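Undergrad: whatever this is, show me its structure:
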Amino acid sequence: MTERKYNVAILGATGAVGTRLIEQLEQSTVPVNTIKLLASSRSAGKTLQFKGQDVTVEEATAESFEGIDIVLASGGGSVSQRFAPEAVKRGAVVVDNSSYWRMNDNVPLIVPEVNEAALRGHNGIIANPNCSTIQMVVALEPVRRAYGLKRVIVSTYQAASGAGQSAWQELVDETEAYNHGETPHPAILPVKGAEKHYPLAYNLLPQIDVFEDDGYTHEEWKMIHETKKIMFGDKNSKDVKVTGTAVRVPVPIGHGEAVYFETAANTGATVAGIQKVLSAGAGVVLEDDPQQQLYPQPVNAAGKRETFVGRVRADVENDDSFHMWVVSDNLLKGAAWNTVQIAERLVSLDLVAVPANAAEKFNSL
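TA: Modelled structure (predicted):
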């Protein structure tokens, strides 16, 4: 039997995540027949490579998705809002990196190591979660399966690249300015559209995304509700309590997270037991030897697909409660690799098909 090959389009191909989507797709098990690279009119005409062959970037239009089987999208929320339904209408399955579709009840929010089964019954659009959420749930899922999970409190240390290529470059420029005794002039962080901007170099910014009315940032809101949807199937689930503080730090690539979690009572959770299930966890690498100063670091995680976990320890004040330190490359497992990994699972499970009338679920949005 001849292996089916798929026509794949990458939407937002020239961005920091888009270029990594190309690299991850090259290395994946997805059998690619043709590749189409799509971006805005500003990037149209540029030449990128896929498996050693030059590919010209095209301007994305609705008609770009004719004959496409799989779309890997990383063009931002407004781009995905506009083009994802058009792709579905033309028979393509979309794996979307933006935040636009994540909370839509018709769209599964997928981390393959955690909730692959939710891919079944998709309506043509699958959402890739927030980068900081992905690595946390990958680390927590082995614990949840073995010991249950009642509460999560996370503090994030998120890299500049999580805000895009321009924010990463701004960090580089600010650092250079400071090192030459000059005053930096930030224009992007913490939020590009905000009234005020602050330098990230030699600084910490306790704001990622806009503030909600309750004082939480939208990044924190996303981590709370995405975790519930991924792990418990309901963005408002009462089965687990989640809260957090998201902080931008002057690191180019690699988010760090200090995670406090409470297991279910009387399950026998111990540090050794948690380390054991983490060692066997899908997508997890345990780096946890305090005596040898072995623990995860962003500089070592950059360029790797895995989620690294260390500093596992019991909370000295609360029973059945523990802490761990989690690090992952936010542009790979937090974005490009998780997206391509979803595509691999769609192929493996023979789910690269759009149900009849699926596009109607998104027509009014």
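Undergrad: C-alpha from now on. contacts and neighbour counts both.
TA: Fine.
Undergrad: tell me where the model's unsure across the stretch 101-250 of the chain.
TA: Along the stretch 101-250 of the chain, the model assigns pLDDT under 70 to no residue.
Undergrad: any idea where the strands of it begin and end?
TA: Ranges of strands in the stretch 101-250 of the chain, per DSSP state E, counting those that start in this stretch, are 125-127, 151-158, 241-248.
Undergrad: export those to TSV and tack on mean neighbour count?
TA: Below are the strands of the stretch 101-250 of the chain laid out as TSV (neighbours: other Cα atoms under 10 Å):
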stretch	mean neighbour count
strand 125-127	26
strand 151-158	21
strand 241-248	20
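Undergrad: okay, those in CSV with distance to residue 78 next?
TA: Formatted as CSV, these follow (distance: least, Cα to Cα, whole Å):
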stretch, distance to residue 78
strand 125-127, 14
strand 151-158, 23
strand 241-248, 24
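Undergrad: between the ones you listed, which one is nearest to residue 362?
TA: Nearest to residue 362, of all the strands of the stretch 101-250 of the chain, is strand 125-127, at 9.4 Å by Cα to Cα.
Undergrad: helices and strands around that closest one, which ones?
TA: When contacts are defined as 3 or more Cα pairs under 8 Å, 6 or more residues apart in numbering; DSSP states H and E, strand 125-127 packs onto strand 93-96.
Undergrad: ok now the strand it packs on, how far from the chain's centre?
TA: Distance of strand 93-96 from the chain centroid (Cα atoms, centre = their mean, to the nearest Å) equals 14 Å.
Undergrad: over to stretch 314-326?
TA: That offset, for stretch 314-326, works out to 25 Å (Cα atoms, centre = their mean).
Undergrad: and that stretch, what's its mean pLDDT?
TA: Confidence over stretch 314-326 (mean pLDDT, whole number) is 98.
Undergrad: got the CA coordinates for that stretch in CSV?
TA: What follows is stretch 314-326, C-alpha atoms only, in CSV (Å, rounded to 0.1, in the frame of the first residue of the first chain):
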residue,chain,number,x,y,z
ALA,A,314,8.4,18.3,49.4
ASP,A,315,6.8,21.4,50.9
VAL,A,316,7.8,21.5,54.5
GLU,A,317,4.6,23.2,55.7
ASN,A,318,1.8,21.4,53.8
ASP,A,319,1.1,17.6,53.5
ASP,A,320,0.9,16.0,50.1
SER,A,321,2.5,19.2,48.6
PHE,A,322,5.6,19.5,46.5
HIS,A,323,7.7,21.9,44.4
MET,A,324,9.5,21.5,41.1
TRP,A,325,11.4,23.6,38.6
VAL,A,326,10.4,23.3,34.9
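Undergrad: what's opposite the closest residue to residue 35 other than its chain neighbours in the beta bridge?
TA: Using Cα to Cα, 6 or more residues apart in numbering and skipping the chain neighbours, the partner closest in space to residue 35 is residue 8 (5.0 Å). Beta-bridge partners recorded for residue 8 (DSSP bridges): residue 35, residue 70.
Undergrad: if I look at residue 8, how far off is residue 341?
TA: 14 Å (Cα to Cα, to the nearest Å).
Undergrad: repeat for residue 203
TA: Taking Cα to Cα as the measure, residue 203 falls 34 Å from residue 341.
Undergrad: more neighbours: the two, which one.
TA: Neighbour tally, residue 203 and residue 341, criterion other Cα atoms under 10 Å: the higher count belongs to residue 341, 21 against 11.
Undergrad: okay, now the domains of this structure?
TA: 6-129+335-362, 133-330 (automatic domain parsing).
Undergrad: from the chain's centroid, how far away is the first one?
TA: Read it as domain 6-129+335-362. Worked out by Cα atoms, centre = their mean, domain 6-129+335-362 lies 14 Å from the chain centre.
Undergrad: end-to-end on that domain?
TA: End-to-end distance of domain 6-129+335-362 (Cα to Cα): 24 Å.
Undergrad: what's the answer for stretch 88-105, then?
TA: Length of stretch 88-105, first residue to last, Cα to Cα: 16 Å.
Undergrad: and if you look at stretch 8-25?
TA: Using Cα to Cα, one end of stretch 8-25 lies 10 Å from the other.
Undergrad: looking at the strands of the stretch 101-250 of the chain, which is nearest to residue 286?
TA: strand 151-158 (18.7 Å).
Undergrad: show residues contacting that closest one.
TA: Outside strand 151-158, the residues that touch it by Cα atoms under 8 Å, 6 or more residues apart in numbering are 132, 240-249, 251, 254-263.
Undergrad: can you pull the contacts of the residue lying farthest from the centre of the chain?
TA: Most distant residue from the mean C-alpha position of the chain: residue 181, 36.3 Å away (Cα atoms, centre = their mean). Listed by Cα under 8 Å, 6+ apart, the contact set of residue 181 is empty.
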